[in-house]
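Chemist: structure of the sequence below:
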Amino acid sequence: FKYDAAEGKKPGGEEVAFRHIPNGIPGIETRMALLWSEGVLAGRMTPHRFVDLTATGPAKAYGLHPRKGTIAIGADADLVIWDQREFVLKNEQLHHEVDYTPYEGMTLQAWPGVTLSRGEVVWSRDDGFRPMPGRGELLHCGVPTLMPRPA
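Modeler: Sure, this is the predicted structure:
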């Protein structure tokens, strides 16, 4: 939602009753960089915990592990290589269709430098997004393995 749009948080710049405000905030593009910067680099979590929260755990929850969520022979090799550098986040740097980010002006310590999907570079800081039509693949969910199964 655009902030001032009719369906936005503050339609036409007017205050509205809470029940008319759409829930949630934009953040899909920023969440991993925020977690890496404020979690791992700030010493609040280990890199292993980051991987568990962002890759291994979700893959197990959706029954996609070990094909997803691990670096291993036979796994898909979906990886992010972090470019550790200090920068100030601005909404115009983001690729969403929202006219604000709640993280505007926040100083981050890292941003993705290279993204690989099944071992192929699909995005890099230098070259941007490299779409490859037809390379997507539907993965059917299996039995979740996140929680131990009852005996």
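Chemist: which ones are touching the closest residue in space to residue 116 that isn't next to it in sequence?
Modeler: Distance criterion C-beta to C-beta, 6 or more residues apart in numbering; nearest residue to residue 116, sequence neighbours excluded, is residue 79 at 4.6 Å. (Glycine included, C-beta is placed from N, CA and C.) Residue 79 is in contact with 71, 115-116, counting by C-beta atoms under 8 Å, 6 or more residues apart in numbering.
Chemist: among the residues you listed, the buried ones, what's the ChimeraX command?
Modeler: Buried residues within the contacts of residue 79, by 16 or more other C-beta atoms under 10 Å, are selected in ChimeraX with:
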select :115,116
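Chemist: and the contacts of residue 79, which of them are in strands?
Modeler: 115-116 (DSSP state E).
Chemist: from the contacts of residue 79, pick the one nearest residue 38.
Modeler: residue 115 (20.2 Å; C-beta to C-beta).
Chemist: re earlier: nearest to residue 63, of the contacts of residue 79?
Modeler: residue 71 (19.0 Å).
Chemist: next up, the contacts around that closest one.
Modeler: When contacts are counted by C-beta under 8 Å, 6+ apart, residue 71 touches 77, 79.
Chemist: which regions of the protein lie under the pLDDT threshold?
Modeler: Applying pLDDT under 70 to the chain picks out residues 3, 20-21, 148-151.
Chemist: helices along that one, start to end?
Modeler: Here the chain has its helices, by DSSP state H, at 31-35, 47-51, 57-61.
Chemist: residue 93 is nearest to which of those?
Modeler: The nearest among these, by C-beta to C-beta, is helix 31-35 at 10.7 Å.
Chemist: contacts only, for residue 46.
Modeler: So residue 46 contacts residue 40 (C-beta under 8 Å, 6+ apart).
Chemist: that one and residue 37: what is the separation?
Modeler: Distance, residue 46 to residue 37, using C-beta to C-beta, to the nearest Å: 15 Å.
Chemist: same check, this time on residue 53
Modeler: Taking C-beta to C-beta, one finds residue 53 at 14 Å from residue 37.
Chemist: those two: who's more crowded?
Modeler: residue 37 (22 against 14; other C-beta atoms under 10 Å).
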